[in-house]
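1. Return a 3D structure for these sequence lines:
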Amino acid sequence: MIFKLLTAKNNALESKMFTISEENTELTETVEKLQKLAEKNVPQKPIETPLNVMSESFVTDYNGLQDKVDELNEDKITLEAKVREMENFMKEMVQKLEELESVNAELTEALSSVNNKKQQLLEENKYMAESVTTMQMQLDTLGTPQKIKRH
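-> Here you go, the predicted model:
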């Protein structure tokens, strides 16, 4: 968006510079004509010079264009500073992202380890429950008096 604006300003500047160049050419031609005329008429009456409107216009346009150039240079410096600021921000964000990815990998590994340990504990718990049941059955069998058979 800003670059389009700068391009538009640059195009306008180039257009004004072309106009000034044309006016400069016209002024040069006018000066040459007046010099030739003066050389021919030196002993004669003085030459009336037309109002120098174009040269005043030239100076005014030139000063206006110079102001625009200065303004555009200031805009350029400001934009370059913002670009550098944004590049630094992007570097910080990339760094933080890499740190988060590293932490995420560590957490994923830890979660996997926890899940494996949980599975082992569940298996051990099941084995112990079965062992307790078996032992309880054995105790019940031992605790029940048995009849002895006599022949």
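2. going forward, measure contacts between C-alpha atoms and count neighbours the same way
-> Will do.
3. remind me which residues of this structure are low pLDDT?
-> Applying pLDDT under 70 to the chain flags residues 1-6, 9, 18, 42-54, 145-151.
4. Go ahead and list the helix or strand containing the spatially most central residue of the chain.
-> Centre of the chain computed as the mean C-alpha position; nearest residue by Cα atoms, centre = their mean is residue 86, 5.0 Å away. Following DSSP states H and E, the helix or strand that holds residue 86 is helix 53-143.
5. packing partners for that helix?
-> helix 2-40 (3 or more Cα pairs under 8 Å, 6 or more residues apart in numbering; DSSP states H and E).
6. Give the other helices and strands that the helix it packs on contacts.
-> Contact analysis of helix 2-40 by 3+ Cα pairs under 8 Å, 6+ apart lists helix 53-143 as its packing neighbours.
7. How far away from the center of its chain is the helix it packs on?
-> Distance of helix 53-143 from the chain centroid (Cα atoms, centre = their mean, to the nearest Å) equals 17 Å.
8. between that helix and helix 2-40, how many degrees?
-> Orientation check (axes from the mean of the first three to the mean of the last three Cα atoms, to 10 degrees): helix 53-143 against helix 2-40 gives 170 degrees.
9. ok, residue 30 to residue 36 distance?
-> According to Cα to Cα, to the nearest Å, residue 30 stands 10 Å off from residue 36.
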